[in-house]
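Asks: Test case, fold it:
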Amino acid sequence: MIGSTANSAMARLATDKIAALKKAFTVDAMQPGQAAKEVGVTYATAKRYYDLCADEIKRSLESRLLPSLEESIKRVKKKK
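Replies: Residues are numbered from 1 along each chain as shown. Okay, the predicted model is just below:
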């Protein structure tokens, strides 16, 4: 979804910039202001991309956090 949504909404943004924004949001967990500086786009562009793909970004971040959270809960229960 990120690629198709972003490509149709921001046709003028280079593919490598879109990929860099995706990585900044989903892998590095950056906010729009941080990602804009890192990727070299304006804050408005990063924010627009972030808003367009918010659900996918959220799912990506949650999928990385849930396994470690579940493991932590198991360890705490074992200690009791």
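Asks: going forward, measure contacts between C-alpha atoms and count neighbours the same way
Replies: Will do.
Asks: Where is the longest helix in the protein?
Replies: Using DSSP state H to define each element, the chain has its longest helix at helix 54-79.
Asks: Mind listing what's buried along that helix?
Replies: For helix 54-79, burial by neighbour count (16 or more other C-alpha atoms under 10 Å) applies to 56-57.
Asks: which secondary structure elements does that helix contact?
Replies: Packed against helix 54-79, as judged by 3 or more C-alpha pairs under 8 Å, 6 or more residues apart in numbering; DSSP states H and E, are the following elements: helix 15-26.
Asks: Could you tell me the angle between the helix it packs on and helix 54-79?
Replies: Compare the direction of helix 15-26 with that of helix 54-79 by axes from the mean of the first three to the mean of the last three C-alpha atoms, to 10 degrees and you get 30 degrees.
Asks: can you offset everything so residue one is 51?
Replies: OK, 51 is where the count begins now, so the last one is helix 65-76.
Asks: So what's the model's average confidence on helix 65-76?
Replies: Confidence for helix 65-76, expressed as mean pLDDT, is 92.
Asks: Which strands or helices does that helix pack on?
Replies: Using 3+ C-alpha pairs under 8 Å, 6+ apart as the contact criterion, the neighbours of helix 65-76 among helices and strands are helix 52-59, helix 82-89, helix 93-102, helix 104-129.
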